[in-house]
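>>> Below is the structure, and that's it, no one-letter string:
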């Protein structure tokens, strides 16, 4: 349809029509998101870590709702955690933002300013620069596995709370007790901003 328009109007080109580039970029992004969403839903590796996929009301492909089970051998055991993935319109050039929608006692999850935001170097690099150093291919599947690994090993260097980081490093038993309590109290409830 677009090509027909230019054939009928040879004096026009895409440079004269900036909104056309925006529309085509958004359509390409939607097409890619639709395909990735289907692939993630069918992925057996993601299913093994308890990932299920849905969209928020309105079926906006730019906002995915992912649930993930807390692993058995962690203080998050038995929890059902909801992660919101917010894709930018220029995806895949830049990566999405990932947020826990449950309250979770975790060093790398913001509980103050940007409620639920996950601080993880690979996710931050992907969102800001569009690439992840040391990884040839990086996408939603890899990002979710990185998040799953956070249940086991938390990053003190990218902690949001210094007191919590000190507790994690020097009083791990107390940290794990609080993490278990929060999992029991909040892992089935979600909070929205």
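Thanks, I have it. Please read these numbers as outputs of a predicted model, since none were measured by experiment.

>>> What sits closest to residue 29 if chain neighbours are left out?
Spatial nearest neighbour of residue 29, chain neighbours left out: residue 91 (5.2 Å); criterion: CB to CB, 6 or more residues apart in numbering. Where C-beta positions appear, they are placed from N, C-alpha and C, glycine not excepted.

>>> Kindly apply the preceding question to residue 82 instead.
Closest residue in space to residue 82, ignoring its immediate chain neighbours: residue 101 at 4.1 Å, by CB to CB, 6+ apart.

>>> Against which helices or strands is the lengthiest helix in the chain packed?
Criterion DSSP state H: the longest helix present in the chain is helix 18-42. Judged by 3 or more CB pairs under 8 Å, 6 or more residues apart in numbering; DSSP states H and E, the packing partners of helix 18-42 are strand 52-55, helix 140-150.

>>> Check which element follows the last one along the chain.
Helices and strands here follow DSSP states H and E; after helix 140-150, the next one along the chain is helix 162-170.

>>> what's the offset of that following helix from the middle of its chain?
From the chain centre to the centre of helix 162-170 is a distance of 25 Å (CA atoms, centre = their mean, to the nearest Å).

>>> give me the low-pLDDT residue ranges for the protein?
1-23, 136, 188-193 (pLDDT under 70).

>>> What distance do you get for the residue most central in space within the chain to residue 143?
Among the residues of the chain, the one closest to the centroid is residue 98, at 2.8 Å (CA atoms, centre = their mean). Plainly put, residue 98 is 7 Å away from residue 143 if you go by CB to CB, to the nearest Å.
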